[in-house]
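Engineer: Sequence first, then the predicted structure:
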Amino acid sequence: MKPRLVIIFLLIVLLPMALMLWLGVRVVRNEQEMLKQRFRDVLMGRLDDTTAVMQRLMEEREREMLRLTELRAFDAPSMRKIVRENPRVLQVFLLDPRGNRIHPPPDGPLCTSEREFLQRAGQVWKDKQVFYRQPEGSAPPSQPQAMPANAKPSLRSLQNKQTVPQQAQIIRAAPDQAYGWYTWYWGSGLNLIFWRRSPVGHVFGIELNRARLLADIIAELPDTDPADPKLPSGRIRMVNAKGEAIYQWGRYEPPKDMRPAAQVALSPPLGAWRLDYFAPPADSGGGLVLNLIAAGVVIGVALIILAVYFYRESAREIREAMQRVSFVSQVSHELKTPLTNIRMYAELLENEVPEDDEKAAQHLGIVVSESQRLSRLINNVLTFARKQRDKLTLRPSPGAVDDLVASVIESFTPALESRDVTVTFNSGAAETVRFDADAVEQILGNLFSNVEKYAAAGGAMDVASRQEGDTTTITVSDKGPGIPRDQREKVFDPFHRLSDKLTDGVAGTGIGLSLARDLARLHGGDLRLVPSEEGASFEVTLNTPRAEGEAD
C-alpha cells in the first residue's frame with residue numbers, strides 16, 4: 001500500500017473516531033454535571049424538608065412563648081412560677097425601659113437557678129440594647145419613672161400607666177409590641193432567649209431549656225436505627241457552630257474525611273446550626289461512558305470496514321485501470337511495427353511518384369503525414385505506460401540539437417502548410433552534446449502538434465534554440481488565441497484539456513504536455529509556459545553536457 005493511501009485510510013478512520021471521542025467526552029461531562037446538579041437538588045430537597053420540620057417546631061415554641069409573656073402579674077413569685085411550671089423554660093427576666101433589671105431582683109434574695117442565670121447571661125446584659133432597637137422612622141420608647149423595688153406591677157398596669165399628658169402622648173406614639181430571639185454561647189452550646197418588648201419599653205425575656213429544646217427537636221427527626229427502610233440511603237447530620245454532630249440519622253456511614261454532598265443552614269434562631277448530607281458514591285455517568293465506548297467501538301469497526309471496502313474497491317479500479325493501460329500499451333506496441341513499415345514504404349513510394357502526377361503525390365503526402373501523426377500518438381501512449389510503471393528512462397547519445405529540431409520541423413511541414421502555418425526557426429544550438437534524441441523529438445512533436453491543432457489560426461510558429469554551457473533551451477511560440485491565466489498550470493495535468501470553444505471538436509488524448517514536461521524534467525530540465533504578448537510560448541530547458549572529445 002502506498003504511503004499516501006495509508007495516510008488517507010488512517011484519516012478516514014481516525015478523524016471521525018477522534019470527533020466522536022471529543023463529542024463523547026463533552027456529552028459525558030455535561031451529563032455528569034447534570035446528574036450532579038440533579039443529585040444536589042434532591043439532597044437539598046431532603047434537607048429543606050428537615051429544616052421545615054424544625055422551623056415549624058420553633059414556630060410552635062414562639063407561639064408558646066408569646067402566650068407566656070401575656071401574663072398580667074409580673075412580680076417575682078409569678079415569674080418564678082413560670083419557671084417551675086414550664087419544663088421548656090429555664091429562667092426569665094424583666095428589664096425596665098432604661099435597661100435596668102427588675103427581675104431577677106437586683107436587691108432581693110435570689111435562688112440558685114437565678115444566680116446561675118445571672119452568671120451565664122453576662123453577655124446578654126452587654127447586648128441588652130438590641131431589645132430596644134426601633135424600626136427606622138418610629139418614635140423612641142417612653143421613659144417612665146422607675147418603680148420601687150417592692151412594687152408588684154402587671155404588664156397591663158405598665159402599659160396603661162400615665163404620669164403626665166406629655167408622657168401619655170409618648171406612649172400612644174410608641175410602636176407596637178416587638179419580640180424576637182436572642183442567641184449567645186455559654187459553656188458547651190447555644191443558649192436561646194425569647195424576648196418581648198411592651199409598648200412602654202419593658203422587656204420580658206424567657207431563657208429556653210436547651211436540653212429540653214434539643215430533645216424536642218430530636219423527637220421530630222427520624223430514628224437513628226440504620227435498619228429502618230424509611231431512612232435515607234445517605235447520612236444526615238445536624239452540626240453545631242463548632243462542627244460537632246448533635247444528631248445524625250441514615251443508613252450510610254461516611255468516612256471521617258468525607259465532605260458533605262450538600263449543606264444547608266437552619267432558620268433563625270438556630271442559624272448557627274446546619275444540616276450536612278453525606279451521600280454514598282453514586283454512578284456519575286459510568287453507564288453512559290460504557291455506552292459511549294461501546295458505540296464508539298461499533299462505529300469505529302464500521303468505519304474500518306467501510307474504509308477497507310473503499311480501499312479494496314479503489315485498488316480494484318486501479319488494477320483494472322492498469323490492465324487497461326497495459327492492454328493499450330500492448331496494442332500500441334503491436335501497432336507500432338506495421339505502422340513503421342507503412343510509413344517507410346509510403347515515404348519510399350513518395351520519392352518514386354512522377355513529378356507530373358500531382359494527385360498521387362498529394363495522396364501519398366496525406367498517407368505519410370497521417371502515419372507520422374499515428375506514430376506520435378502511439379509513442380505518447382507507450383511513453384505514458386512506461387511512466388505509469390516507473391520505467392521511463394533516457395538513452396542519451398551525441399548529436400546536435402539544431403539538427404533534431406530541423407528534422408522534426410521538416411516532418412511537420414506538410415501538416416502545418418496545409419493549415420497555412422508559416423514556420424520560422426532561429427537556430428543557436430549547433431554544438432554536439434549528449435541528449436536523448438527520441439525524448440526531445442517527442443517533446444517537440446507534442447508542442448508542434450498543439451500548434452497545428454489549437455493555434456493554426458495565428459498563421460505562424462516560431463522556433464528558437466540556444467546553448468549556454470550544459471543547458472540547451474528551445475522555445476516554441478505561436479500567434480494563436482493563447483491559454484487562459486487560470487489554465488496555465490492545469491494544461492500540464494494528465495488528461496486535462498481546455499473546455500472552451502477553442503478546443504471543441506479537436507481530437508487528442510490530453511497527455512501530450514504532461515509527457516513533454518516529464519521527459520524534460522527527466523532530462524534535467526523543465527517545460528514551462530512563459531509570458532508572451534500574444535499566443536502561447538513554451539520554453540524547454542534540457543541538461544545537455546558536451547559530448548566526449550568536444551573542445552571547450
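Structural biologist: Yep, that arrived. Numbering: from 1, shown residues only.
Engineer: which residue packs closest to F194, ignoring adjacent ones?
Structural biologist: M65 (4.0 Å; CB to CB, 6 or more residues apart in numbering). Backbone N, C-alpha and C define where each C-beta goes, glycine included.
Engineer: for the stretch 101-250 of the chain, what spans make up the strands?
Structural biologist: 101-103, 178-186, 189-197, 203-208, 235-239, 245-250 (DSSP state E, counting those that start in this stretch).
Engineer: Among those strands, which comes closest to S78?
Structural biologist: strand 101-103 (9.5 Å; CB to CB).
Engineer: Quickly find the element holding V53.
Structural biologist: In this assignment (DSSP states H and E), V53 forms part of helix 3-68.
Engineer: and the next element down the chain from that helix?
Structural biologist: Toward the C-terminus, helix 3-68 is succeeded by helix 76-85 as the next helix or strand (DSSP H and E).
Engineer: Now the element after that following helix, going C-ward?
Structural biologist: Trace forward from helix 76-85 with DSSP H and E and the next one is strand 89-95.
Engineer: relative to strand 189-197, how tilted is that following strand?
Structural biologist: Strand 89-95 runs at 40 degrees relative to strand 189-197, counting by axes from the mean of the first three to the mean of the last three CA atoms, to 10 degrees.
Engineer: Sheet-wise, list the partners of strand 89-95 with their directions.
Structural biologist: strand 101-103 (antiparallel), strand 203-208 (antiparallel) (DSSP bridges).
Engineer: Columns distance to M58 on top of those strands, output as TSV?
Structural biologist: Listed next are the strands paired with strand 89-95 as TSV, based on distance: least, CB to CB, whole Å:
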stretch	distance to M58
strand 101-103	25
strand 203-208	10
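Engineer: what's the most buried one of these?
Structural biologist: Compared across the strands paired with strand 89-95, strand 203-208 shows the largest average neighbour count, a mean of 24 (mean count of other CB atoms under 10 Å).
Engineer: What mean pLDDT does that strand get?
Structural biologist: The average pLDDT within strand 203-208 is 93.
Engineer: My guess is the residue nearest to F194 contacts E207. True?
Structural biologist: No - M65 lies out of contact with E207 (CB atoms under 8 Å); the separation is 10.5 Å.
Engineer: Show me the domain layout of the chain.
Structural biologist: 3-63+221-278, 69-215, 286-390, 393-543 (automatic domain parsing).
Engineer: ranking these by mean pLDDT, which is last?
Structural biologist: Looking at the domains of the chain, the bottom one is domain 286-390 with a mean of 69.
Engineer: re earlier: pick the most buried one from the domains of the chain.
Structural biologist: domain 393-543 (a mean of 17).
Engineer: how long is that domain end to end?
Structural biologist: Domain 393-543 has an end-to-end distance of 15 Å (criterion: CA to CA, to the nearest Å).
Engineer: cool, and stretch 195-214?
Structural biologist: 20 Å.
Engineer: ditto for stretch 348-365
Structural biologist: 11 Å.
Engineer: List the contacts of that stretch.
Structural biologist: 346, 368, 414 (CB atoms under 8 Å, 6 or more residues apart in numbering).
Engineer: ok, how many other residues are close to the residue nearest to F194?
Structural biologist: M65: 24 surrounding residues under other CB atoms under 10 Å.
Engineer: How about the one 3 residues further on?
Structural biologist: Counted with other CB under 10 Å, the neighbours of L68 add up to 19.
Engineer: My guess is it contacts V83. True?
Structural biologist: No - with contact defined as CB under 8 Å, L68 does not count as touching V83 (10.3 Å).
Engineer: Now do the contacts for E62.
Structural biologist: 181, 194.
Engineer: Equivalent analysis for the one 4 residues further on, please.
Structural biologist: When contacts are counted by CB under 8 Å, 6+ apart, L66 touches 179, 196.
Engineer: gap between it and E59?
Structural biologist: Separation of L66 from E59 (CB to CB, to the nearest Å): 11 Å.
Engineer: Check which helix or strand F538 maps to.
Structural biologist: strand 537-543.
Engineer: my bad, T473
Structural biologist: Assigned by DSSP H and E, T473 falls in strand 471-478.
Engineer: about what we covered before: for the strands of the stretch 101-250 of the chain, which one sits closest to F425?
Structural biologist: The nearest among those, by CB to CB, is strand 235-239 at 103.5 Å.
Engineer: Show residues contacting the closest one.
Structural biologist: Here strand 235-239 has contacts from 46-47, 50, 217, 221, 245-254, 260, 273-278, using CB under 8 Å, 6+ apart.
Engineer: Ok, stretch 401-415 next?
Structural biologist: 365, 368-369, 372-373, 423, 425, 427-430, 433, 435, 437, 440-441, 444-445, 448-449, 452, 463, 465, 467, 472, 474, 542, 544.
Engineer: Can you give me the separation between the most centrally placed residue in the chain and A294?
Structural biologist: Central residue of the chain (CA atoms, centre = their mean): W22, 7.5 Å from the mean position. According to CB to CB, W22 stands 17 Å off from A294.
Engineer: cool, and W125?
Structural biologist: 72 Å.
Engineer: just E59 next, same as before
Structural biologist: E59 is 54 Å from A294, by CB to CB.
Engineer: now do M258
Structural biologist: From M258 to A294 the distance is 32 Å (CB to CB).
Engineer: Break down the stretch 301-450 of the chain into its strands, ranges please.
Structural biologist: 397-400, 422-426, 432-435.
Engineer: can you tell me which residues contact R466?
Structural biologist: Counted by CB under 8 Å, 6+ apart, R466 has contacts 428-429, 472-473.
Engineer: At which residues are the strands of the stretch 451-552 of the chain located?
Structural biologist: 460-468, 471-478, 526-530, 537-543.
Engineer: Tell me which strands the longest one pairs with, and in which orientation.
Structural biologist: Each strand that strand 460-468 pairs with, and the sense of that pairing, follows from DSSP bridges: strand 422-426 (parallel), strand 471-478 (antiparallel).
Engineer: Would you mind writing the CA trace of the shortest one as CSV?
Structural biologist: The C-alpha atoms that make up strand 422-426 are tabulated as CSV, following Å, rounded to 0.1, in the frame of the first residue of the first chain:
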residue,chain,number,x,y,z
THR,A,422,4.5,29.5,-41.5
VAL,A,423,7.4,28.1,-39.6
THR,A,424,10.4,30.2,-38.6
PHE,A,425,13.5,28.6,-37.0
ASN,A,426,16.3,30.6,-35.3
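Engineer: residue contacts, R46?
Structural biologist: Contacts of R46 by CB under 8 Å, 6+ apart are 232, 236, 277.
Engineer: Of those residues, which is the nearest to W181?
Structural biologist: Among those, and counting by CB to CB, the member closest to W181 is I236, at 24.1 Å.
Engineer: Enumerate the beta-bridge partners assigned to that closest one.
Structural biologist: Assigned bridge partners for I236, using DSSP bridges, are W249, Y277.
Engineer: before we move on, what about A265?
Structural biologist: Going by DSSP bridges, A265 forms beta bridges with R274.
Engineer: With distance to L290 added, can I get the contacts of stretch 348-365 in a markdown table?
Structural biologist: Listed next are the contacts of stretch 348-365 as a markdown table, based on distance: CB to CB, whole Å:
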| residue | distance to L290 |
| --- | --- |
| A346 | 81 |
| V368 | 80 |
| P414 | 80 |
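Engineer: Okay, and which of these map to helices?
Structural biologist: 346, 368, 414 (DSSP state H).
Engineer: all helices for the stretch 351-500 of the chain, in order.
Structural biologist: Remark: helices assigned in the stretch 351-500 of the chain by DSSP state H, counting those that start in this stretch are 358-388, 401-418, 437-454.
Engineer: How is P280 assigned, secondary-structure-wise?
Structural biologist: Secondary structure state of P280, per DSSP: H, G, I helix; E, B strand; the rest coil, is coil.
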